[in-house]
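>>> Next one to model:
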Amino acid sequence: MKTLCVRNCLFSLAVLAAASIAPAGAYPPDNAAVLYYRAILVYEKPEGAILDNLSAMIKDGAPASEESKRFLAKQRHVVQSVSTAAEIKLCDWGHDYSEGFAMLLPGLADMRNIARIVLADGVKALHDGDSKTAAQRCITTYKMSRHLKTEVLINNLVGIAMESMAQSVAQQILARRVDMAILDLLKRDLAQIELDHVPLEHCMRMEMKWVLDQPREKLLAAGESLWPENVDLNFVDKSVAYYSKKMDDYISALRLPYKKATSQIDKLHGDMEADAKARPEAAMSQAIIPALKKAYSLNTKAHTSRNALRAAIEIYRISARTGRLPDRLPPNLPQDMFSGKAFDYEVTSTGFTLRCQEVNQDSRKIEEYAFALPK
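Have a look, this model is predicted:
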């Protein structure tokens, strides 16, 4: 149960976000965040057996329990609200970026819960024979993720988790006998969503800006646990200069091909760890620079997963036209971002698999995506 304080805080943020954007009474508003905040205020959080069932529906295509059916029926207004929000171009969450790392980010867990509701509603529709609604729920979730994935790193990571759930449901849809119109809908909308991708470099630059824009006195007070005794503002200046140079090095690494980038990130982390032992001004950087290799691998995997889904849709379209899977992967499809090359393609007894050509350096495994054909 959400506290009244949190509800009032979120409501105030929604009002502030909308105030300068849309005239009173306008619907839908010009700012998608207004509708998302409203949904956060009124949705019912799935818990216990309902949460377990919704998760199983999304992951494995399990049928909805009677309890989940009643729950989803009560959330129709929430699904409708976020479906409308997902189609609005502007999404200003009203965050106070001047607060830097102390900035409050309400609603992240709620957005993930609402995505579960939207997708489970899609799986229920799929079981009822309504593939179009199921596809629309997937696209809505991808668009919700697009709105959530700003230059704030934690927002991006929550958005990636939402996309992973949407991909699972999309694969369930493709395993059913769907017509070309649904395949075309998925192809068009996923391609458009890909254009709105926020690179990890933008998140790093935002974090860098937060630090560089902070008054040195504020950094000195905030970093008491990091600094040696009796430091002054000159020491803070040296720490910020070290941080700025190190962040520039990390951002440059992100422009390399994935395997080279992760190797360079490992080297930079090692250098920074050694510096922190010998140079006190490196302590701040070691404390606040994120675990970039993991974040970069997660972003690369998310990009690769979207590309695998888009490539698979092309294969399903060929199968729908010709009645059979192609013998080899068609040219010019979205690529495996771990290698920067086309996916390996294998026809299987149940459908086909798209496989990456380079290892995910975080999980230490080759990512692969299995797609089933209708039985």
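>>> Thought Gly100 was touching Gln214, still the case?
Yes. Counting by C-beta atoms under 8 Å, Gln214 does reach Gly100; the two are 6.0 Å apart. The C-beta positions use only the backbone N, C-alpha and C, and glycine is treated the same way.
>>> can you give me the helices for the stretch 101-250 of the chain?
Taking DSSP state H, counting those that start in this stretch as the test, the helices found in the stretch 101-250 of the chain are 108-127, 131-148, 153-174, 180-195, 200-213, 216-222, 233-253.
>>> Residues contacting stretch 146-161, please?
Applying C-beta atoms under 8 Å, 6 or more residues apart in numbering, the external contacts of stretch 146-161 come out as 32-33, 36, 85-86, 91, 93, 95, 103, 105, 108-109, 111-112, 145, 162, 193, 196-198, 200, 202-207, 290, 295, 298-299, 302.
>>> out of the helices of the stretch 101-250 of the chain, which comes closest to Asp60?
helix 153-174 (8.4 Å; C-beta to C-beta).
>>> What average pLDDT does the closest one get?
The average pLDDT within helix 153-174 is 94.
>>> Name the residues of it that are buried.
153, 155-174 (16 or more other C-beta atoms under 10 Å).
>>> one step back: now which of the contacts of stretch 146-161 would you call buried?
Those of the contacts of stretch 146-161 that meet the buried threshold are 32-33, 36, 85-86, 91, 93, 95, 108, 111-112, 145, 162, 193, 198, 200, 202-204, 206-207, 290, 295, 298-299, 302, by 16+ other C-beta under 10 Å.
>>> Now that we're looking at His127, what pLDDT does it have?
In this model, His127 carries a pLDDT of 96.
>>> what's the helix or strand for the nearest residue to it once chain neighbours are set aside?
Excluding the flanking residues, the one nearest His127 by C-beta to C-beta, 6 or more residues apart in numbering is Pro63, at 5.7 Å. Per DSSP states H and E: Pro63 is located in neither a helix nor a strand.
>>> Met57 is in contact with Pro63, correct?
Yes. With contact defined as C-beta under 8 Å, Pro63 counts as touching Met57 (7.4 Å).
>>> tell me which strands and helices the top helix by length along the chain is in contact with?
Ranked by residue count under DSSP state H, the longest helix found in the chain is helix 292-322. Helix 292-322 sits against helix 153-174, helix 180-195, helix 200-213, helix 258-278, strand 351-355, strand 368-372, with contacts defined as 3 or more C-beta pairs under 8 Å, 6 or more residues apart in numbering; DSSP states H and E.
>>> I would like the residues contacting the second one, please.
Spelled out, it's helix 180-195. By C-beta under 8 Å, 6+ apart, helix 180-195 touches 131-132, 135-136, 138-139, 142-143, 146, 170, 173, 306, 309-310, 313-314, 316-317, 320-321, 334.
>>> Please, a ChimeraX command that selects the buried ones among the residues you listed?
Only the buried entries of those go into this ChimeraX selection, using 16+ other C-beta under 10 Å:
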select :131,135,136,138,139,142,143,146,170,173,306,309,310,313,314,316,317,334
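>>> low-scoring stretches of the stretch 201-350 of the chain, by residue?
222-228 (pLDDT under 70).
>>> if we go to 50?
Nowhere does the stretch 201-350 of the chain drop to pLDDT under 50.
>>> circling back to that earlier point, any chance of JSON lines for the helices of the stretch 101-250 of the chain, columns distance to Ile40?
Shown next, in JSON lines, are the helices of the stretch 101-250 of the chain (distance: least, C-beta to C-beta, whole Å):
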{"stretch": "helix 108-127", "distance to Ile40": "4"}
{"stretch": "helix 131-148", "distance to Ile40": "12"}
{"stretch": "helix 153-174", "distance to Ile40": "13"}
{"stretch": "helix 180-195", "distance to Ile40": "22"}
{"stretch": "helix 200-213", "distance to Ile40": "23"}
{"stretch": "helix 216-222", "distance to Ile40": "30"}
{"stretch": "helix 233-253", "distance to Ile40": "33"}
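>>> out of those helices, nearest to His269?
Distances from His269 to each of those were compared using C-beta to C-beta; the shortest belongs to helix 233-253, at 9.2 Å.
>>> That closest one: how far from the chain's middle?
Helix 233-253 sits 28 Å away from the centroid of its parent chain (C-alpha atoms, centre = their mean, to the nearest Å).
>>> One more: stretch 41-49?
21 Å.
>>> State the distance spanning the first to the last residue of it.
22 Å (C-alpha to C-alpha, to the nearest Å).
>>> tell me the pLDDT at the residue nearest to His127?
Pro63 is given a pLDDT of 97.
>>> picking up where we left off before, quick one: which of the helices of the stretch 101-250 of the chain is nearest Pro374?
That would be helix 153-174 among the helices of the stretch 101-250 of the chain, by C-beta to C-beta, at 8.8 Å.
>>> Which one of the helices and strands packed on helix 292-322 lies nearest to Val231?
helix 258-278 (15.0 Å).
>>> Would you reformat the helices and strands packed on helix 292-322 as TSV and include distance to Arg328?
TSV is the format used below for the helices and strands packed on helix 292-322 (distance: least, C-beta to C-beta, whole Å):
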stretch	distance to Arg328
helix 153-174	20
helix 180-195	20
helix 200-213	33
helix 258-278	24
strand 351-355	11
strand 368-372	16
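>>> Minimum distance to Tyr243: which of those has it?
Per C-beta to C-beta, nearest to Tyr243 of these: helix 200-213, 6.1 Å.
>>> Could you check how far Ser349 is from Asp249?
Separation of Ser349 from Asp249 (C-beta to C-beta, to the nearest Å): 48 Å.
>>> Neighbour count: the two, which is higher?
Comparing Ser349 with Asp249 by other C-beta atoms under 10 Å, the one with more neighbours is Asp249, at 15 against 5.
>>> Who are the contact partners of that one?
Leu268.
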